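**Student:** Next comes the sequence, and after it the predicted model I'd like to discuss.
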Amino acid sequence: MRFKYKKLRKGQGGAEDILLNPRRDRRLLANVPDKEAIRNSVDRRGKKVLEDYKGDPNVFIKSKKAGIRYIMQTDIEIICTSSKGNSTFKVKSLDVSTTGILLELKDKEQLNIISSAEDITLDFKILPGSMPEGYEMNVKIKGKKVRDSITADGKIICGIEFIETLSEYSNRKKDRYVLAASSLLLLFISIFIVLMRAESLIYFKFNKWTYLYSIIAAVFLLSRYLFGVLYKPMPMDVNYTPGVTIIIPCFNEGEWIERTILSCINQDYPIDNLEVIVVDDCSNDNSVDKIRETIDKLNNEAERFDAPNRVKYFVQEKNLGKREALCRGVLNAKHELVVFVDSDSFLDPFAIRNLVQPFKDPKMGGVSGRTDVANTYTNTLTKMQSVRYYIAFRIMKAAEAYFDAVTCLSGPLSCYKKQIVIDNMDEWINQRFLGQKATFGDDRAMTNFVLNGHRTSYQDTAICSTIVPNKYKVFLKQQMRWKRSWLRESIIAGKFMWKKEPFMAAFFYMGVFVPIAAPIIVVYNLVYVPIVHNIFPTTFLVGLLMMALMMSFAQMFFRKSTTWIFGMLFCIFYEAVLLWQMPIAWVTFWKSTWGTRMTPSDIEAQRKKEQRKGASILGKKGGDVYEK
């Protein structure tokens with residue numbers, strides 16, 4: 001019997017991903033410092049490069065990002081006022097930045113009206129996904145013409161500079177009110193939860209275990225948000241630039257690997273202190289061709305940035321797994337710090353500068369950056385994940401970083417001292433649990449090795465974005481894999497976390513207990529109590545609502561994004577669907593299949609499934625002989 005081979009990837013079969021579409025710079029490595037000083041020491045907006053900047057580096061970074069132009073084609077209403085009267089007409093936008101917008105006019109008459117106008121007002125809507133999250137809004141802003149041109153095909157182009165930036169406009173029109181409202185709502189919810197748990201103390205003697213769970217869950221939740229709010233990232237020291245090797249393991253990511261490589265090498269970081277190594281784990285798509293094309297492009301167009309010596313790749317002779325690929329990169333790394341970046345994740349140009357800052361502490365062993373969702377606005381599923389990712393990093397990891405004990409240095413962007421990885425390499429590659437080889441959960445496993453003897457942290461200013469599943473089937477398989485690895489590594493971490501700071505240790509064990517016991521508590525409150533005691537579970541449902549609102553309003557508070565409502569949807573989806581993966585994970589967490597891509601374990605599992613299916617068919621036909 002023959003078995004079918006399916007190539008699986010995130011979002012397979014789903015909607016086409018909607019990603020930010022910044023207009024590409026004419027220079028391939030626009031953010032890389034030019035040590036030969038051939039490039040002018042100021043950028044196109046008149047700002048000095050970061051190495052020469054003597055003020056607050058964060059101000060420089062914000063200024064740099066303000067000039068990024070995002071392609072956005074939508075209708076713009078132009079209102080022009082002059083001594084001759086008012087004129088109103090609609091045009092099309094070509095791209096937009098926080099400082100201005102580029103328009104395509106219909107004719108020269110519109111250009112003349114704009115040129116002679118004493119006052120120009122633009123009325124338009126920033127489409128969701130056309131600019132970074134939080135900018136989506138209706139805009140009515142004043143501007144002034146700064147340039148115009150006629151293209152080779154006769155199109156009339158006009159550039160308008162905003163009188164105030166979109167950041168300033170948003171803060172004046174929207175952000176301050178969103179901040180005030182979300183602050184008050186979070187305070188109200190926190191007080192409400194405390195009062196509800198006070199009730200649990202009063203009625204504790206009537207049902208000790210249920211109320212004990214409620215108290216523990218409330219303490220854990222509120223403490224995470226409290227310490228997440230108190231967290232502050234390490235400030236950037238522009239003179240601290242230790243040697244860094246970025247390692248990208250790749251398996252069947254031909255669609256994204258070029259973008260990943262370019263984002264890793266196009267960093268505002270001294271070129272002598274940064275290299276990129278790509279390790280392809282015997283892909284069977286066009287990944288290797290894409291890697292070669294990308295490196296050839298870098299070698300041809302970025303030679304003076306030493307690209308030929310700073311970007312290299314290896315191809316595994318057979319598929320050995322992600323850990324083997326990462327380890328091959330580590331063994332070939334020449335720098336003291338190694339950064340692991342997933343092959344479908346894209347780094348912010350200042351990600352590495354920010355990521356290394358916590359290593360100024362000699363006891364620091366590993367640091368996780370923040371991962372945002374790159375395809376947020378694709379559909380409802382990706383919007384829910386966007387909120388979940390942001391809260392997981394900005395609140396949960398930030399709270400752990402407050403105690404220098406982050407329990408998962410995430411795969412999309414994390415940095416380690418190379419020697420720690422080398423010291424634990426054999427045990428990491430050959431990790432087995434209940435007799436089964438561990439093929440996923442590599443980030444949690446390595447974090448445990450680091451955390452057992454060193455500090456781990458989180459740097460919120462080190463940002464990358466990643467592609468998440470846009471299809472529910474793929475998403476559920478990913479979540480099951482994550483739950484299995486979480487269970488396995490939580491059991492391992494539980495053996496040494498008691499040695500950490502007492503508050504952190506207590507919160508860790510609470511964080512393990514709460515999700516494991518959650519399915520039992522939900523069944524008890526939503527099924528057993530209504531049926532046996534004929535009591536509607538009002539208090540329990542209100543508690544779930546408060547949890548959902550807290551996630552949503554925290555998203556509103558920190559990000560000021562319209563996606564906040566999807567935090568509530570995610571909580572509902574979690575209680576209805578994802579929660580019930582936990583009992584399955586209890587009894588299957590030794591499984592080694594990924595489910596979202598065809599690793600050797602997945603191929604073997606599919607082969608056995610096809611064999612069983614074939615045997616069943618033969619059995620129904622009365623056959624008693626099975627041939628592969």
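**Tutor:** Done, it's in.
**Student:** I'd like to know how far Ala181 sits from Gly134.
**Tutor:** 15 Å (C-beta to C-beta, to the nearest Å). Yep, even glycine has a C-beta here, placed from its N, CA and C like the rest.
**Student:** More neighbours: the two, which one.
**Tutor:** Between Ala181 and Gly134, counted using other C-beta atoms under 10 Å, the more crowded position is Gly134 (17 against 13).
**Student:** Assign that one to helix, strand or coil.
**Tutor:** Under DSSP: H, G, I helix; E, B strand; the rest coil, Gly134 falls in the coil class.
**Student:** hang on, isn't it packed against Lys560?
**Tutor:** Yes. At 4.8 Å, Gly134 counts as touching Lys560 under the criterion of C-beta atoms under 8 Å.
**Student:** Now for those two: what residues contact both?
**Tutor:** Ser170 (C-beta atoms under 8 Å, 6 or more residues apart in numbering).
**Student:** Parallel or antiparallel, list what pairs with whichever helix or strand Lys92 is part of.
**Tutor:** Per DSSP states H and E, Lys92 falls inside strand 85-96. Here strand 85-96 has these sheet partners by DSSP bridges: strand 70-71 (antiparallel), strand 75-82 (antiparallel), strand 100-105 (antiparallel).
**Student:** most tightly surrounded among the ones you listed?
**Tutor:** strand 100-105 (a mean of 21; mean count of other C-beta atoms under 10 Å).
**Student:** tell me the contacts of Cys282?
**Tutor:** Neighbour list for Cys282: Phe251, Val315, Gln316, Glu317, Lys318, Asn319, Leu320 [criterion: C-beta under 8 Å, 6+ apart].
**Student:** Also Arg388?
**Tutor:** Contacts of Arg388 by C-beta under 8 Å, 6+ apart are Gly567, Phe570.
**Student:** got the CA coordinates for the strand or helix carrying it in PDB?
**Tutor:** With elements taken from DSSP H and E, the one containing Arg388 is helix 380-391. Output in PDB follows, covering the C-alpha atoms of helix 380-391 (Å, rounded to 0.1, in the frame of the first residue of the first chain):
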ATOM      1  CA  THR A 380     -10.700  36.500  13.400                       C
ATOM      2  CA  LEU A 381      -8.400  33.700  14.400                       C
ATOM      3  CA  THR A 382      -5.300  35.700  13.800                       C
ATOM      4  CA  LYS A 383      -6.700  38.700  15.600                       C
ATOM      5  CA  MET A 384      -7.400  36.600  18.600                       C
ATOM      6  CA  GLN A 385      -3.900  35.300  18.500                       C
ATOM      7  CA  SER A 386      -2.500  38.800  18.200                       C
ATOM      8  CA  VAL A 387      -4.100  39.700  21.600                       C
ATOM      9  CA  ARG A 388      -3.000  36.400  23.100                       C
ATOM     10  CA  TYR A 389       0.600  36.900  22.000                       C
ATOM     11  CA  TYR A 390       0.800  40.500  23.200                       C
ATOM     12  CA  ILE A 391      -0.600  39.600  26.700                       C
END
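**Student:** one step back: any idea which of the strands paired with strand 85-96 gets closest to Val330?
**Tutor:** strand 70-71 (36.2 Å; C-beta to C-beta).
**Student:** hmm, who's touching the closest one?
**Tutor:** Taking C-beta under 8 Å, 6+ apart as the rule, strand 70-71 contacts Leu20, Asn21, Pro22, Arg23, Leu94, Asp95, Val96, Ser97, Ser130, Met131.
**Student:** Now do that strand: distance to the chain's middle.
**Tutor:** In terms of C-alpha atoms, centre = their mean, to the nearest Å, the gap separating the centre of strand 70-71 from the centre of its chain is 21 Å.
**Student:** Point out where the stretch 201-350 of the chain drops to low pLDDT.
**Tutor:** Nowhere does the stretch 201-350 of the chain drop to pLDDT under 70.
**Student:** Tell me where it has strands.
**Tutor:** Taking DSSP state E, counting those that start in this stretch to define them, one finds strands in the stretch 201-350 of the chain at 244-250, 274-280, 311-315, 337-340, 345-347.
**Student:** Indicate which one of those is closest to Ala405.
**Tutor:** strand 337-340 (19.4 Å).
**Student:** what about the closest one, distance to the chain center?
**Tutor:** In terms of C-alpha atoms, centre = their mean, the centre of strand 337-340 is found 17 Å from the chain centre.
**Student:** What is the longest helix of the protein by residue count?
**Tutor:** When the chain is scanned for its longest helix (criterion: DSSP state H), the result is helix 176-202.
**Student:** what does the strand holding Lys92 contact?
**Tutor:** Applying C-beta under 8 Å, 6+ apart, the contact partners of strand 85-96 are 23, 69-80, 101-106, 110, 113, 117, 124, 126, 130-131, 157.
**Student:** Using PDB, list the CA coordinates for it.
**Tutor:** Output in PDB follows, covering the C-alpha atoms of strand 85-96 (Å, rounded to 0.1, in the frame of the first residue of the first chain):
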ATOM      1  CA  GLY A  85     -12.900  79.900  -2.100                       C
ATOM      2  CA  ASN A  86     -13.100  76.300  -1.000                       C
ATOM      3  CA  SER A  87     -12.600  73.100  -3.100                       C
ATOM      4  CA  THR A  88     -13.300  69.600  -2.100                       C
ATOM      5  CA  PHE A  89     -12.400  66.500  -4.100                       C
ATOM      6  CA  LYS A  90     -11.300  62.900  -3.700                       C
ATOM      7  CA  VAL A  91      -8.000  61.300  -4.700                       C
ATOM      8  CA  LYS A  92      -6.200  58.000  -4.100                       C
ATOM      9  CA  SER A  93      -3.400  57.500  -1.700                       C
ATOM     10  CA  LEU A  94      -0.300  55.500  -2.600                       C
ATOM     11  CA  ASP A  95       1.500  55.200   0.700                       C
ATOM     12  CA  VAL A  96       1.400  56.800   4.200                       C
END
